[in-house]
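Asks: Please find the sequence and the predicted model below.
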Amino acid sequence: MSPTNLPAGPEHGHVTFLGAGPGDPGLLTLRAVEALAIADVLVAGHEVLDVVRTHARQNVAVLNTDTAFGTSAGPYPGTNASPSAVVDAASAAAGDPASRDAANLVMEAARGGKRVVRAVSGDPGLDTYAAEEMLACAAAGVPFEVVPGVAAAVGVPAYAGVPLRDAQGADVRFVDARTASDRCWTEVGASDGTVVVSATLDSVAAAAGELVSSGRKPDTPMSVTVAGTTTRQRTWSATLGTIAQTLKQAKVLPSPDGGRPVIAVVGERSAAAQRDQLSWFESKPLFGWKVLVPRTKEQAASLSDQLRSYGAVPHEVPTIAVEPPRTPQQMERAVKGLVTGRYEWIAFTSVNAVKAVREKFEEYGLDARAFAGIKVAAVGEQTARALVAFGVKPDLVPSGEQSAAGLLDDWPPYDPVFDPIDRVFLPRADIATETLVAGLIELGWEVDDVTAYRTVRASPPPAETREAIKGGGFDAVLFTSSSTVRNLVGIAGKPHNVTVIACIGPATAKTAEEHGLRVDVMAPEPSVHKLAEALADFGMRRRAAAAEAGDPVTRPSERRPGARRRRAT
């Protein structure tokens, strides 16, 4: 039986060498996600942990190799594991000198039947030390498997819009400038194929010089990409002879840690000269924009995913907190009325309303079966999903606008012939508007408008976030209601005047202007997804205007500090 197929035993455990890809968490393979989900121990450097940690179990033990070998200030930050589960790798390596290398760290973690994931950047087959760690596991009888990942040398050019091969099938060579020998440079220089060079910002110009010295023409196209596949990605196009000057003019500064990794692509047929047409990633409408979303992570999940699809980096900041009603008796009577047949309909207008009713059900030992015979309405996709997760399929979801008005458009009028009961249970927030209640009454229904939860102002975000809001660190902020405007200003201060302000509708825009904010974007209809689309359209127009004027494309937060804006009148 091969090491890959050996089951984890009580003595040796099992190790999965996993490729985390070049930086974009979305490039993890399905097999990688499966391995992370069952891991007992996760071993990786800090940047790789940032990519894989969210797919691991909450109580996974984390061994940070940066900590173990003196390149990081401490254990991996942000882990949710308990203090006993988070192992300080420096302590693990402190006893036996031989245990100071990653191979011994991995094997030590595997003892006692543990399932260990050793995650490396890119692909394990191209990692400098992964092969040595695999050999060490094999020699010690520790079973292991390998989960390939997207190699940076392949993934980064794809994200930079630089295909490595054309229809003629040009030869492709891969070179690590940090370890390449003179013979390697000579062989590559003699070839006319595409060369993919792994280097650092500090050494990429020297690598270009090596290629010229080895026979490549100075006017050979060259692209250089830093932070590839992430929203910090930046690509410069030049030639072997001009790349040093191009980076200097772009004010690309050497990094204090010895140089940030870069991927350079060299070759006449590498399509480096066609980046204007092929640059699909960096040309996204909100590429690199840091967008403030004043909602909880749960509320903002689909919205944040949509923003990421436009290239943005969403940052959720809750502006309200949900608390039980001050007097629970009204809610208790309504829930009991559900069971005793008091209602024909129950209408949920938010996820929080579903959560409030579900918690009350659990308090009474009830489950979704209590909805038998009752028609259920839901406003919004997330509300409907929350009901399905509870075991309830909504009978009515607005076919058009996901709002109280949209629900009323589809709600049937009360008919005493077909509706034995004329009453609707409406569990809502304490600050909900009367639009839905008034509309239902107009349709002939009796409504029990019940306060299921209270909304209160959330606690202030961390000082770093508050400073970014007031200092122009965010490129845009999405306001989804008037209360989000008032609460965000109240807990964090007014957004800086270079920040793009996007509002979901006229009422929210009016509140923003009353607080001295200029509204740049307004959704064509009251929908958070239409609001995100409108912001993306704004970003695209902004990019097009910069290109037409011959100016570099910058983010709003990159505007000069002295730039001021006047509030719209």
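Replies: On my side now, so go ahead. Every value quoted in this text rests on a predicted model; they were computed, and no experiment measured them.
Asks: Mind jotting down where the strands sit in the stretch 351-500 of the chain?
Replies: Remark: strands assigned in the stretch 351-500 of the chain by DSSP state E, counting those that start in this stretch are 375-378, 423-429, 446-457, 476-479, 500-503.
Asks: meant to ask about the stretch 101-250 of the chain, not that
Replies: 115-120, 144-147, 172-176, 194-200, 221-226, 234-239.
Asks: before we move on, back to that, residue 305 is nearest to which of the strands of the stretch 351-500 of the chain?
Replies: strand 476-479 (13.8 Å; Cβ to Cβ). Backbone N, C-alpha and C define where each C-beta goes, glycine included.
Asks: Can I get that closest one in CSV, CA atoms only?
Replies: This file holds the C-alpha atoms of strand 476-479, laid out as CSV (Å, rounded to 0.1, in the frame of the first residue of the first chain):
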residue,chain,number,x,y,z
ALA,A,476,-16.6,53.9,-1.0
VAL,A,477,-19.3,53.4,1.5
LEU,A,478,-22.7,51.8,0.8
PHE,A,479,-25.6,53.2,2.8
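Asks: Please state the offset of that strand from the chain centre?
Replies: Centroid separation between strand 476-479 and its chain, computed with Cα atoms, centre = their mean, to the nearest Å, is 17 Å.
Asks: I'd like the strands of the stretch 101-250 of the chain written out as a markdown table, with mean neighbour count added.
Replies: Formatted as a markdown table, the strands of the stretch 101-250 of the chain follow (neighbours: other Cβ atoms under 10 Å):
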| stretch | mean neighbour count |
| --- | --- |
| strand 115-120 | 26 |
| strand 144-147 | 20 |
| strand 172-176 | 17 |
| strand 194-200 | 24 |
| strand 221-226 | 25 |
| strand 234-239 | 20 |
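Asks: Save the ones you listed as a markdown table, and put in distance to residue 546 and mean pLDDT too.
Replies: Listed next are these as a markdown table, based on distance: least, Cβ to Cβ, whole Å; pLDDT from 0 to 100:
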| stretch | distance to residue 546 | mean pLDDT |
| --- | --- | --- |
| strand 115-120 | 38 | 96 |
| strand 144-147 | 42 | 97 |
| strand 172-176 | 34 | 92 |
| strand 194-200 | 29 | 93 |
| strand 221-226 | 21 | 94 |
| strand 234-239 | 16 | 92 |
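Asks: Let's have those strands in TSV, adding distance to residue 504.
Replies: Shown next, in TSV, are the strands of the stretch 101-250 of the chain (distance: least, Cβ to Cβ, whole Å):
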stretch	distance to residue 504
strand 115-120	40
strand 144-147	43
strand 172-176	49
strand 194-200	45
strand 221-226	36
strand 234-239	32
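Asks: do you know which of these lies nearest residue 354?
Replies: strand 115-120 (35.6 Å).
Asks: Now do that closest one: which elements does it pack against?
Replies: strand 14-19, strand 41-44, helix 46-52, helix 102-110, helix 130-139 (3 or more Cβ pairs under 8 Å, 6 or more residues apart in numbering; DSSP states H and E).
Asks: weakest of those by average pLDDT?
Replies: If you rank the helices and strands packed on strand 115-120 by mean pLDDT, helix 102-110 sits at the bottom with a mean of 85.
Asks: ok so, going back, of all the helices and strands packed on strand 115-120, which one comes closest to residue 205?
Replies: With Cβ to Cβ, the closest approach to residue 205 among the helices and strands packed on strand 115-120 belongs to helix 46-52: 24.1 Å.
Asks: Kindly export that closest one (C-alpha atoms) in CSV.
Replies: C-alpha atoms of helix 46-52 as CSV (Å, rounded to 0.1, in the frame of the first residue of the first chain):
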residue,chain,number,x,y,z
HIS,A,46,1.4,33.6,7.7
GLU,A,47,0.4,34.6,4.1
VAL,A,48,-0.7,31.1,3.3
LEU,A,49,-2.7,30.8,6.5
ASP,A,50,-4.6,33.9,5.4
VAL,A,51,-5.8,32.0,2.3
VAL,A,52,-6.6,28.6,3.9
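Asks: Could you list the buried residues of that helix?
Replies: Using 16 or more other Cβ atoms under 10 Å as the test for burial, helix 46-52 gives 46, 48-52.
Asks: Relative to the whole chain's centre, how far out is that helix?
Replies: 13 Å.
Asks: can you list contacts of it?
Replies: For helix 46-52, contacts defined as Cβ atoms under 8 Å, 6 or more residues apart in numbering pick out 18, 20-21, 23-25, 28, 32, 36, 42, 44, 62, 64, 66, 72, 76, 117, 119-121.
Asks: Any quick PyMOL command for the buried ones out of those residues?
Replies: Only the buried entries of these go into this PyMOL selection, using 16+ other Cβ under 10 Å:
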select buried, resi 18+20+21+23+24+25+28+32+36+42+44+62+64+66+72+76+117+119+120+121
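Asks: quick one: the helices in the stretch 351-500 of the chain?
Replies: In the stretch 351-500 of the chain, the segments counted as helices under DSSP state H, counting those that start in this stretch are 351-363, 381-390, 404-410, 435-442, 463-471, 482-492.
Asks: which residues sit against stretch 119-136?
Replies: 17-23, 42-45, 47-49, 51-52, 102-104, 106-107, 118, 144, 146-153, 155.
Asks: er, stretch 317-335 actually
Replies: Applying Cβ under 8 Å, 6+ apart, the external contacts of stretch 317-335 come out as 292-296, 352, 355-357, 360-361, 364, 366, 425, 427, 430, 448, 450-459, 461, 465, 483-484, 487-488, 491-492.
Asks: Tell me the buried residues in that stretch?
Replies: 317-320, 322, 325, 331, 334-335.
Asks: Of those residues, which is the nearest to residue 400?
Replies: For the buried residues of stretch 317-335, the nearest to residue 400 is residue 320 (26.7 Å; Cβ to Cβ).
Asks: how about the closest one, phi and psi?
Replies: Reported as degrees, to the nearest 10, the phi and psi values for residue 320 are phi -130, psi 150.
Asks: Could you tell me how far the closest residue to it other than its chain neighbours is located from residue 447?
Replies: Once flanking residues are discounted, residue 320 sits nearest to residue 455: 4.6 Å by Cβ to Cβ, 6 or more residues apart in numbering. Counting by Cβ to Cβ, to the nearest Å, the gap from residue 455 to residue 447 is 20 Å.
Asks: Among the contacts of stretch 317-335, filter down to the buried ones and hand me the PyMOL syntax, if you would.
Replies: Entered in PyMOL, the line below selects the buried ones among these, by 16+ other Cβ under 10 Å:
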select buried, resi 292+293+294+295+296+352+355+356+357+360+361+366+425+427+448+450+451+452+453+455+458+461+465+483+484+487+488+491+492
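Asks: which one is residue 184 nearest to, not counting chain neighbours?
Replies: Residue 184 sits nearest to residue 175 (Cβ to Cβ, 6+ apart), 6.3 Å away.
Asks: wait, the one you found sits on residue 195?
Replies: Yes. In this structure residue 175 lies within contact range of residue 195 using Cβ atoms under 8 Å: 6.1 Å.
Asks: Can you check which residues contact both of the two?
Replies: residue 188.
Asks: hmm, back to that, how about the helices of the stretch 351-500 of the chain in a markdown table, adding mean pLDDT and distance to residue 557?
Replies: Compiled in a markdown table, the helices of the stretch 351-500 of the chain are given as follows (pLDDT from 0 to 100; distance: least, Cβ to Cβ, whole Å):
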| stretch | mean pLDDT | distance to residue 557 |
| --- | --- | --- |
| helix 351-363 | 91 | 31 |
| helix 381-390 | 88 | 29 |
| helix 404-410 | 89 | 35 |
| helix 435-442 | 91 | 37 |
| helix 463-471 | 95 | 9 |
| helix 482-492 | 92 | 16 |
